[in-house]
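Asker: just a sequence and a predicted model for now, questions to come.
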Amino acid sequence: MVANPENRRVALFGQAVRAAGLPAPRVVSWADVLRCHGADFAADEIVRVDSPGENADVDRVLRGAQDPTRVEGSARWYAGFVAAVRSLRGGIRLDHPEDLATLFDKRLCHGVLHAAGVPVPASPTSGPRGRPVRGWDDVRASMREHRMARLFVKPAHGSSASGVLAVEAGGGGRIRATTSVELAADGGLYNSLRVRRYERERDIAAIVDALAPDGLHLERWLPKASQDGRAADLRVVVVAGRATHAVVRTSRSPLTNLHLGGRRGDLDTVREAVEAAGARWTDLLGVCERAAACFPRTLCVGVDLLPAVGWRRAAVGEVNAFGDLLPRLTGLPGSGAEGLDTYAAQVAALSSFTQHRTGTPHA
């Protein structure tokens, strides 16, 4: 297992492993991986890569920025992260290096999903042959060419909505962007817990131009279903191919992330709304499972599901390699993970997953 020993996600996974009576996972810190550029594991040793983003020191090294609140540097972060996970040797991987490389590039991930027939928002930057975005002028050109009056501009290698802008154009040349990015007087970009709006095009252009060298992904902004007057989407955890856990996220802004002021909605109400619309809840979960099936060498992913207005259809916004940090949330009825949190569900699935990967059961 590769991880920062102080990481909450790692600690919860370790607790689940020990509760199942399995040997305590081996912990190798990200600092050691970056310093030694590699680690050796026994052939039957379980290797789970951990998110380095929760360790400020590691994130600083990967990003090359002294201030951990800066948004810029995600391309350097991605290159260092991918090189590090590819340098690991041996073991049975729960997060395959090539899957991680795709999951942490929104353009590549979107292209893989689209090619597999998974419903996703339209995007001119999707896949390895997608249109590059060199700055705000390219965004404006794509908005005109593809008739996208509303779209999301996302750093290709970002997470937790860092650097994301929800852009909408109105009549008379008006433009507005909703984001958590704080544009400083010196032109620097900083992550903030406060969602704000920019209505001067030169400010929006300055943010996009500063982010463009790291790579940008554009997606059509799909109108989403609502709950209690708030836009709603879902984070669905898929373990070993099955949707096991789900949480509803609602917000009055386009950004539903809980750390940016979004709040949890009611899942039972969502199920009722889906069924009242003549759709099936299992079909929505099936969309998430189809997305996860694009990454069969990775045990667990977190899928951001975007239900359309009316609750009959849904699209996949993103697939997250480290989207399982939902403490105390137990499994969905009929998922096989009833009574289990996301980490216990993964441990319970280890035997079948490793058997599938290696052809022999894991003792």
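Answerer: Perfect, thanks for sending it. Numbering: from 1, shown residues only.
Asker: where does pLDDT dip in the stretch 151-300 of the chain?
Answerer: By pLDDT under 70, the stretch 151-300 of the chain contains no weakly predicted segment.
Asker: quick one: the strands in it?
Answerer: Ranges of strands within the stretch 151-300 of the chain are 165-169, 175-183, 189-198, 216-220, 226-227, 230-239, 242-251, 263-264, 300-307, based on DSSP state E, counting those that start in this stretch.
Asker: now mean neighbour count and distance to V82 too, for those, in CSV please.
Answerer: For every residue, glycine as well, the C-beta is placed using N, CA and C. CSV is the format used below for the strands of the stretch 151-300 of the chain (neighbours: other Cβ atoms under 10 Å; distance: least, Cβ to Cβ, whole Å):
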stretch, mean neighbour count, distance to V82
strand 165-169, 21, 25
strand 175-183, 21, 24
strand 189-198, 15, 22
strand 216-220, 24, 17
strand 226-227, 16, 37
strand 230-239, 24, 22
strand 242-251, 22, 27
strand 263-264, 13, 33
strand 300-307, 24, 17
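Asker: which of those strands sits closest to A65?
Answerer: Set against A65 and scored by Cβ to Cβ, the strands of the stretch 151-300 of the chain come closest in strand 189-198, at 10.6 Å.
Asker: CA atoms of that closest one as PDB?
Answerer: In PDB, the C-alpha atoms belonging to strand 189-198 read as follows (Å, rounded to 0.1, in the frame of the first residue of the first chain):
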ATOM      1  CA  LEU A 189      -4.800  32.500  -8.700                       C
ATOM      2  CA  TYR A 190      -5.700  31.200  -5.300                       C
ATOM      3  CA  ASN A 191      -8.100  28.500  -4.100                       C
ATOM      4  CA  SER A 192     -10.900  29.800  -1.900                       C
ATOM      5  CA  LEU A 193     -13.700  28.300   0.100                       C
ATOM      6  CA  ARG A 194     -15.900  31.100  -1.100                       C
ATOM      7  CA  VAL A 195     -17.700  30.800  -4.400                       C
ATOM      8  CA  ARG A 196     -17.700  34.100  -6.200                       C
ATOM      9  CA  ARG A 197     -18.800  35.600  -9.500                       C
ATOM     10  CA  TYR A 198     -16.800  37.500 -12.000                       C
END
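Asker: from the chain's centroid, how far away is it?
Answerer: Centre-to-centre, strand 189-198 and its host chain are 19 Å apart (Cα atoms, centre = their mean, to the nearest Å).
Asker: show me what it is packed up against.
Answerer: For strand 189-198, the elements it packs on are strand 175-183, helix 201-211, judged by 3 or more Cβ pairs under 8 Å, 6 or more residues apart in numbering; DSSP states H and E.
Asker: return the longest one as PDB; C-alpha atoms alone will do.
Answerer: I take that to be helix 201-211. C-alpha atoms of helix 201-211 as PDB (Å, rounded to 0.1, in the frame of the first residue of the first chain):
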ATOM      1  CA  GLU A 201     -14.700  39.600 -19.200                       C
ATOM      2  CA  ARG A 202     -11.100  40.800 -18.700                       C
ATOM      3  CA  ASP A 203     -11.100  39.200 -15.200                       C
ATOM      4  CA  ILE A 204     -12.500  35.900 -16.600                       C
ATOM      5  CA  ALA A 205     -10.000  36.000 -19.500                       C
ATOM      6  CA  ALA A 206      -7.100  36.600 -17.000                       C
ATOM      7  CA  ILE A 207      -8.000  33.500 -15.000                       C
ATOM      8  CA  VAL A 208      -8.400  31.300 -18.100                       C
ATOM      9  CA  ASP A 209      -5.200  32.600 -19.700                       C
ATOM     10  CA  ALA A 210      -3.300  31.800 -16.500                       C
ATOM     11  CA  LEU A 211      -4.700  28.300 -16.300                       C
END
